[in-house]
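*Asks:* Task: produce atomic coordinates for the following.
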Amino acid sequence: MSERSPDTFPRLLQHQAAVRGEHPAMREKDLGIWQSWTWGQVCEEVHALACGLAELGFKRGDNLAIIGDNRPRLYWAMAAAQCLGGVPVPMYQDAVAQELLFVLQDAEIKFAIVEDQEQTDKLLEVKAHCPQLAHILYDEPRGMRHYNQPFIHGLDEVQQMGRIHTRNHPEFIDAEIAQGGPDDVAIMLYTSGTTGKPKGVCLTHAGFIVAARSGVDFDHLDAKDNILSYLPMAWVGDHLFSYGQALVAGFTINCPESGDTVMTDLREIGPTYYFAPPRVFENLLTQVMIRMEDASAIKRGMFHYFMEVARRCGSEILDGKAGIAASDRLLYALGKLFVYAPLRNVLGMSRIRVAYTAGAAIGPDLFRFYRSIGINLKQLYGSTETCAAVCLQPDGQIKFDSVGKPIPGVEVKISD
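*Replies:* Reported below is the predicted structural model:
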């Protein structure tokens, strides 16, 4: 391992493998069963993939498209590109072929790693317009048996090439990682293009690591934490929470089986750290209210009574404020036993220590509901250009109509 301080993502990965090699780094639910990889295993998988990419001709300065749902090997692809001095360019998996075409051309993509047959077909549809696209690699082999184009490769095959490469050139990957610097571009994330075509935002290792470290220190995150990674990998929020902060703190990333199983997987994993846009919190609350309408009159009455107690004092109790009547504290304790704790369990949020929402304004009533039942939900504000982090809400200082204070290292100025 390099003796330099871990100032790039590949060096952070080596650091985690060295200090907590046996600690679970990633889990993925496949066919109903959770598979797990330790930090040591992830480091080996990433290095094998990087060496395989090098065998195919991937080199420093090349851009690598990554398209698919949250999958361990797609996260490893990001790190593999960075090991070689390349730049990962994650794209939205629900984009149609023509939408992908703009980014493929704009970023001059030579290599693409995709999840499955569906994403492969999209690239084949537009490949004639992308003469620079030399190789397409896929993760999921289902349905790929008859694809015999020489530029299409399975990731298993590429990693096997990489392991042979490592046996023949054992010093190669360390030398490549050593060449990388904190001011190199770590990732290119495309904005949503609300004012025209999407724009590729180039973010450095140093910039993203500072943002990740600020958040980790701010919320006291560590290797014991768990996060469910289900938001698009092309979105800056996922890259901060599920990649940057995980590599800084060493906590475990959990990939759900599919978009349809997120709620079930959330309950099974019981994450301690959670992120969702306001619409997800809105949908969850709607489901709760619909279920309550179908409940018995006694359950409905108990729910509404204790929710009124929670609205009155729950958020203040969570913030540790003084001046709350003893009778309210007693009622809240009863409500926790009969309503709030079972409700948090149904939502898969029993173990959550820190939850964030961003991407749009959250209504004060919705915000208050979650905090009143004991979920430490907070707002953050940021943009793609700032590595997702500008303002965060400190514990115990939550205002429902604010996005909090600038994080350490950030200056906020109002200009004319």
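
*Asks:* From here on, just use CA atoms for contacts and neighbour counts.
*Replies:* OK.

*Asks:* tell me which element the residue lying farthest from the centre of the chain falls in.
*Replies:* Among the residues of the chain, the one whose C-alpha is farthest from the average of all C-alpha positions is residue 327, by C-alpha atoms, centre = their mean at 41.7 Å. With secondary structure defined by DSSP states H and E, residue 327 is part of helix 326-335.

*Asks:* any idea how far the residue farthest from the centre of the chain is from residue 6?
*Replies:* When C-alpha to C-alpha, to the nearest Å is the yardstick, residue 327 and residue 6 sit 52 Å from each other.

*Asks:* residues in contact with the spatially closest residue to residue 139 that is not a sequence neighbour?
*Replies:* Leaving out its chain neighbours, the residue that sits closest to residue 139 by C-alpha to C-alpha, 6 or more residues apart in numbering is residue 115, at 4.9 Å. Contacts were defined as C-alpha atoms under 8 Å, 6 or more residues apart in numbering; by that measure residue 115 touches 67-69, 71, 74, 138-140.

*Asks:* Put the buried members of those into a PyMOL selection.
*Replies:* A single PyMOL command is used to select the members of these judged buried by 16 or more other C-alpha atoms under 10 Å:
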select buried, resi 67+68+69+71+74+138+139
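
*Asks:* Out of the contacts of residue 115, flag the one nearest to residue 182.
*Replies:* Ranking these by separation from residue 182, with C-alpha to C-alpha as the measure, puts residue 74 on top at 22.4 Å.

*Asks:* Could you report the distance from the closest one to residue 50?
*Replies:* 12 Å.

*Asks:* Also residue 371?
*Replies:* Going from residue 371 to residue 50 by C-alpha to C-alpha gives 44 Å.

*Asks:* on that earlier part again, what about the residue nearest to residue 139, distance to residue 252?
*Replies:* In this view, residue 115 and residue 252 are 21 Å apart by C-alpha to C-alpha.

*Asks:* Please apply the same query to residue 23.
*Replies:* 8 Å.

*Asks:* Of the two, which one has the most company?
*Replies:* It is residue 252, of residue 23 and residue 252, that has more neighbours when counted by other C-alpha atoms under 10 Å, with 27 against 20.

*Asks:* quick revisit: output the contacts of residue 115 in a markdown table, with secondary structure appended to each entry.
*Replies:* A markdown table is the format used below for the contacts of residue 115 (DSSP: H, G, I helix; E, B strand; the rest coil):
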| residue | secondary structure |
| --- | --- |
| 67 | strand |
| 68 | coil |
| 69 | coil |
| 71 | coil |
| 74 | helix |
| 138 | strand |
| 139 | coil |
| 140 | coil |
